[in-house]
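Colleague: pasted the sequence and its predicted model underneath.
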Amino acid sequence: MERTRSLSDKIFLFVKGVAMGAANKVPGVSGGTVAFVAGFYEELIYSLQKINRKAFMLLINRRFRGFYQYVNGRFLLLIFAGSTFSYFSVSRVLDYFLQHYEIFVWSTFFGMILGSIYYIAKDFKDWSKQNIITIIIGIILGVSISLMNPAKENDNLWFVFFCGIIGVTGMTLPGLSGSFILILLGNYVLLLVDSVNELSKTIVDVFSWNFDFVHDQVRMRYLKIISSFTLGSVFGLVVTSHILGYLLKKWHQIVTALIIGFITGSLGIVWPWKKEIFKTDNGKLLFDSQGNKVIENYHRYIPDTSEVSTWYAIGFIIFGIFILLALERYGDNSKKLKV
C-alpha cells in the first residue's frame, strides 16, 4: 500500500532523487548512500522488489491502477524523475565545479561520506565478532576497488548492457560507486558523458521536430549504446533489489555491517588531495570526445597545512558533514510518516 504523502514530502522526495542521481554520476560517491542516509533506502529496495510476476500480470491484464499501487508507483516515479532530471541538469553543474573547483567538490563529498559512516554506525547495535569481521571485509573490498586500474573502452552492446547491470549497483548498494565501477570497466566517458550528451541533443531535436539525426551514424551509434546501457540498468536494478531485499530480511545486521565497510573503504576514492594520472596509448595522452584528457587513476598525497587552500578544503569537509546531518534530520522525520 502506498504511503500517504504531503505536497512538501513529494517535493523533498523528488529533490532526494535529484541528489541520488547527482551522486551516482560522481566517481567514488554512491547514490545508495544518499538513499540510506535520507531515510528511503529500504523503501526503494522493497518497492523495486515489487516489480515481479504479479506486477507483470497486472500490466498484461491492463490493471494499470492496481500495478501503480502495487509497486509503490508514486514513490518510484518521484525518485526516478528526480534522478533523470539530475542527469541532464545538476550533474552538469557538478561537472563544471569538478573542472574548476575540484578539490572543494571532493572535500564536500568526503565530508558527506564521513557523516554517513557516523549516521549508519550510531544506530548499529550488534558489534559482534562476526559483524566486525564483515566490516573489515567491506573496507578491504572498498579499498581494493579504489586501487584497481581501469580497462579500455568497449562499445560492444552486450558489454554495455553488462555495464548497465554493474553500474546500477551504486544506486542499490551504499558505499559502492556505480560511476567508479564504470571507470574501472573503461566505459565511464562513453556512457555517462558522450552518450548522455548525444541523448540531450536528440531530445532537443525531437522537440524541435528535427529528425535529421536518424541519418547521423555517429548519433545513432550513441543512441544504441545508451539504450543498451539503460536496459541493462533496469534489469540490474530489478535483479539486485530482489537479492538485497532478501538479504536485508534474512541478514539485516550483516548487510548493514558490509555497507559500513564499503562506505569506509570508499573514502580513498574521494580523498580530496590527489593528482590525476591520465590514460595514455603508446606514450600519447588519450582524449574524450569533449577534448578532455581521460583519467586512468589518481595519485593521493597528504596536504600541506601551510597552504590556505588546505584549510578551505577542510572547511568544505565540515560543510559536507553538515549537509549529511541535515539529510539525516529530514530522513528521521520522513520515517515518522504514516503508511
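Modeller: Nice, I can see it.

Colleague: using the three-state scheme, assign N210.
Modeller: coil (DSSP: H, G, I helix; E, B strand; the rest coil).

Colleague: phi, psi of it?
Modeller: Backbone geometry at N210, expressed as degrees, to the nearest 10, gives phi -110, psi 110.

Colleague: and it, how many neighbours?
Modeller: 10 (other Cβ atoms under 10 Å). All C-beta spots, glycine's among them, are computed from the backbone N, C-alpha and C.

Colleague: residues in contact with it?
Modeller: Residues near N210 by Cβ atoms under 8 Å, 6 or more residues apart in numbering: none.

Colleague: same deal with S47?
Modeller: 71-72, 75-76.

Colleague: and if we set it to 6 Å?
Modeller: 72, 75-76 (Cβ atoms under 6 Å, 6 or more residues apart in numbering).

Colleague: F229 and I269: what is the separation?
Modeller: Counting by Cβ to Cβ, to the nearest Å, the separation of F229 from I269 is 22 Å.

Colleague: neighbours around I120, how many?
Modeller: I120 - counted by other Cβ under 10 Å - has 21 other residues nearby.

Colleague: ditto for R221
Modeller: Neighbourhood size, R221 [other Cβ under 10 Å]: 13.

Colleague: quick check, nearest of the contacts of S47 to K249?
Modeller: N72 (16.9 Å; Cβ to Cβ).

Colleague: for the closest residue to the closest one other than its chain neighbours, what are phi and psi?
Modeller: Using Cβ to Cβ, 6 or more residues apart in numbering and skipping residues adjacent in sequence, the residue nearest N72 is S47, 4.0 Å away. Torsion angles at S47 (phi, psi; degrees, to the nearest 10) stand at phi -70, psi -40.

Colleague: show the pLDDT at S47.
Modeller: S47 is assigned 84 on the pLDDT scale.

Colleague: swap in the one 5 residues further on?
Modeller: N52 carries a pLDDT score of 82 in this model.

Colleague: grab the most central residue of this protein for me.
Modeller: N24 (2.2 Å; Cα atoms, centre = their mean).

Colleague: buried ones in the strand or helix carrying that residue?
Modeller: Counting by DSSP states H and E, the element that carries N24 is helix 7-25. By 16 or more other Cβ atoms under 10 Å, the buried positions in helix 7-25 come out as 9, 12-25.

Colleague: just stretch 233-242 next, same as before
Modeller: Those would be 233, 236-238, 240-242, for stretch 233-242 by 16+ other Cβ under 10 Å.

Colleague: what pLDDT does L247 get?
Modeller: pLDDT at L247 comes out at 77.

Colleague: now it: closest residue in space that isn't a chain neighbour?
Modeller: V255 (5.1 Å).

Colleague: any idea how far I145 is from that neighbour?
Modeller: For V255 relative to I145 (Cβ to Cβ), the value is 18 Å.

Colleague: and S83, by the same measure?
Modeller: 23 Å.

Colleague: tell me which of those two has more neighbours.
Modeller: S83 (24 against 19).

Colleague: now do the helix or strand harbouring that one against helix 7-25, angle only.
Modeller: Using DSSP H and E, the element containing S83 is helix 73-87. With axes from the mean of the first three to the mean of the last three Cα atoms, to 10 degrees as the basis, helix 73-87 and helix 7-25 are set at 50 degrees to each other.

Colleague: and the helix holding N24, how far from the chain's centre?
Modeller: 12 Å (Cα atoms, centre = their mean, to the nearest Å).

Colleague: with stretch 192-203 instead?
Modeller: For stretch 192-203, the distance to the chain centre is 18 Å (Cα atoms, centre = their mean).

Colleague: which stretches of the stretch 101-250 of the chain have low pLDDT?
Modeller: Where the stretch 101-250 of the chain drops to pLDDT under 70, the residues are 146, 149-151, 170, 174-176.

Colleague: which residue sits farthest out from the middle of this protein?
Modeller: Quick read of the chain (Cα atoms, centre = their mean): farthest out is S306, 34.7 Å.

Colleague: kindly confirm my reading that it is in a helix.
Modeller: No - applying three-state DSSP, one finds S306 to be coil, outside a helix.

Colleague: related to what we said a few turns ago, the contacts of S47 into TSV, with extra columns for pLDDT and distance to W251?
Modeller: Formatted as TSV, those follow (pLDDT from 0 to 100; distance: Cβ to Cβ, whole Å):
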residue	pLDDT	distance to W251
N72	86	24
F75	88	25
L76	88	25
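
Colleague: buried ones only from those residues, please, as a ChimeraX command.
Modeller: Command for ChimeraX that selects the buried part of the contacts of S47, burial taken from 16+ other Cβ under 10 Å:
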select :72,75,76
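
Colleague: which parts of this protein are strands?
Modeller: With strands called from DSSP state E, the chain shows them at 274-278, 280-281, 284-285, 295-300.

Colleague: noted, bye for now.
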